[in-house]
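> turn this into a structure:
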Amino acid sequence: MNVRLPLAAATICTGAALLGQTVWAPKGAPAVYKGPHKPHTKISEVKAKHAGHSDWRELVVDDSHLRSEYVQAKPGSGVKRAIHPDTREWWVVLEGEVKFDIESVGTVMAKKGGIVQVPMQTFFSWEAVGDKPLLMFDTNIAGAKTLYETDKSPGAGYIPVKFTGREVGKFLHGNKALVTYEETAKALEEGKLKGTIRLVQDDRGTANFIYGYNSKLPPLDEKYKGHYHPEAAEYWLIMSGKIRYPIEKVGVVIAEEGDVVYVPPSTWHAPRWWGDGPSCRLAMNGYPYISHLFEPDLGNH
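You can find the predicted model right below:
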C-alpha cells in the first residue's frame, strides 16, 4: 500500500498550531468562481441531472492544473486500450465495480473506495463489470492528451504515429496501481499510519487521504479563517462522513460522501471533519507540497 506523510500535512489539515516564518504575501480578493467550478457540487444533484441516462459525464474541475469529472458507465462499457503520453490519470470508484487492464501490472479489479492510477506512457483500458452502473471520479493533469491503440473514426483529427523511447509503468514516488479506502482507513484506526496519507503523487498533481473525527479536534472557533493557497486551487472529494468548510465570500458548506468542494487560489478556507463517526476527504491540487498561508497569530488552532 502506498502510504507517505507529506511535510507538515497532518498539522496543516487538522488546524493544529504551526511554527513558521512570518512573511508578506499577496492577498487580494478571493478568486471568482468560473464554470464549471462551484464551491459545492452535490453528487445527489448531479445524479438527478442525469436521471434516466446510463452513460454520462459531468465536468467538475477544469483549471490550469487539474481536470476532474464524474463518469458513469453501464456494465460492459468503458474505455478501450489507450495511453497518455505525458500525464498520470487516477480514478476513485464511488459505485459499482470496474476492471482495469494496465500495462506492466495486469488486471486490477476495483469497487467502491478503490483508487486506481496509471502513470504516463503506460497503456490501459477499463470496463464496467457486474450488474450495476459504475460511477467514478476521474482526474488528470490539465491539458492531458489521449492516444489510442486502434484508429479513431474518420474526421476525429487523429493520425498514425510511431511512439519511440516509451518508458512503461513508471509509477514513481511509491505510487500503487490500486489503493483502497478500507485498507488506508483501517491502518489509520490501528495506528499503523498517522496524519495525511499521500495516495497519488505526480510532479503536477497530488491526492491526499485525510481521515479523522470531529470529536478529536479542538472546539470549533467560528472566527478561524484557516489558510489559503497563493498559486493554486484546491478541491476535495468526500470519501466518507461529512466535512465542514467555511469558505471566504461563500460561507459555511457542509459536504457529504460523494460531493466535491472547490476553493480557488487566494481564498481562505478551513476544512474540518464533521458530524458523528469518521470522516474522510481526498484533497487534490496541482502541487505535491502546496504552500499553506495562515494568519500570523494562530492562537490555539
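> which residues touch stretch 241-252?
By C-beta atoms under 8 Å, 6 or more residues apart in numbering, the residues outside stretch 241-252 that reach it are 29-30, 39-40, 214, 222, 224-226, 228, 236, 253-257, 261, 263, 267-275, 277-281. Quick note: C-beta positions are derived from backbone N, CA and C, even for glycine.
> rerun at 7 Å
30, 39, 226, 236, 253-257, 261, 263, 267-275, 277-281 (C-beta atoms under 7 Å, 6 or more residues apart in numbering).
> CA atoms of stretch 158-165 as CSV?
C-alpha atoms of stretch 158-165 as CSV (Å, rounded to 0.1, in the frame of the first residue of the first chain):
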residue,chain,number,x,y,z
TYR,A,158,-6.1,11.6,-35.3
ILE,A,159,-3.2,10.4,-37.4
PRO,A,160,-1.0,7.3,-37.1
VAL,A,161,2.4,8.0,-35.5
LYS,A,162,5.3,6.0,-34.0
PHE,A,163,5.8,6.4,-30.3
THR,A,164,9.5,5.9,-29.6
GLY,A,165,11.5,5.8,-26.4
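> so for that stretch, what gets flagged as buried?
Across stretch 158-165, burial judged by 16 or more other C-beta atoms under 10 Å covers no residue at all.
> repeat for stretch 56-63
Buried residues in stretch 56-63, defined by neighbour count with 16+ other C-beta under 10 Å: 56, 58, 60-63.
> repeat that for stretch 285-301.
Using 16+ other C-beta under 10 Å as the test for burial, stretch 285-301 gives 285-286, 288, 290, 292-294, 301.
> with stretch 36-44 instead?
36-37, 39-41, 43.
> same check, this time on stretch 137-146
Buried positions in stretch 137-146, judged by neighbour count with 16+ other C-beta under 10 Å: 137-141, 144.
> let me see the mean pLDDT of it.
The pLDDT scores in stretch 137-146 average 97.
> out of the buried residues of stretch 137-146, which sit inside helices?
Assigned to helices by DSSP state H, none of the buried residues of stretch 137-146 qualify.
> report the distance from the helix ranked longest in the chain to the chain centre.
Longest helix in the chain by number of residues (criterion: DSSP H): helix 181-189. With C-alpha atoms, centre = their mean, to the nearest Å as the basis, helix 181-189 stands 17 Å off its chain's centre.
> got it, and stretch 41-61?
The answer for stretch 41-61 is 17 Å, by C-alpha atoms, centre = their mean.
> just the terminal-to-terminal distance for that stretch.
10 Å (C-alpha to C-alpha, to the nearest Å).
> could you do stretch 83-103 as well?
Stretch 83-103 has an end-to-end distance of 10 Å (criterion: C-alpha to C-alpha).
> so how far is residue 268 from the closest residue to residue 264 other than its chain neighbours?
Nearest residue to residue 264, sequence neighbours excluded (C-beta to C-beta, 6 or more residues apart in numbering): residue 31, at 3.4 Å. Distance of residue 31 to residue 268, computed by C-beta to C-beta, to the nearest Å: 12 Å.
> who has more neighbours, these two?
Neighbours per residue, other C-beta atoms under 10 Å: of residue 31 and residue 268, the larger number sits with residue 268, 20 against 17.
> all helices for this protein, in order.
Using DSSP H, helices in the chain cover 9-14, 43-49, 181-189.
> residues contacting residue 95?
Counting by C-beta under 7 Å, 6+ apart, residue 95 touches 112, 132-135.
> can you pull the poorly scored residue ranges out of the stretch 201-301 of the chain?
Within the stretch 201-301 of the chain, the segments meeting pLDDT under 70 span 298-301.
> please, where are all the strands along it?
All strands of the stretch 201-301 of the chain, identified by DSSP state E, counting those that start in this stretch, fall at 205-213, 227-228, 234-240, 242-247, 251-256, 260-263, 272-274, 278-285, 293-294.
> do the stretch 1-150 of the chain as well
40-41, 56-62, 66-73, 78-83, 89-95, 97-102, 106-111, 114-118, 124-129, 134-141, 147-148.
> okay, those in JSON lines with distance to residue 186 next?
Output for the strands of the stretch 1-150 of the chain, formatted as JSON lines (distance: least, C-beta to C-beta, whole Å):
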{"stretch": "strand 40-41", "distance to residue 186": "28"}
{"stretch": "strand 56-62", "distance to residue 186": "28"}
{"stretch": "strand 66-73", "distance to residue 186": "26"}
{"stretch": "strand 78-83", "distance to residue 186": "29"}
{"stretch": "strand 89-95", "distance to residue 186": "17"}
{"stretch": "strand 97-102", "distance to residue 186": "20"}
{"stretch": "strand 106-111", "distance to residue 186": "16"}
{"stretch": "strand 114-118", "distance to residue 186": "14"}
{"stretch": "strand 124-129", "distance to residue 186": "25"}
{"stretch": "strand 134-141", "distance to residue 186": "22"}
{"stretch": "strand 147-148", "distance to residue 186": "38"}
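> sweet, I'm off.
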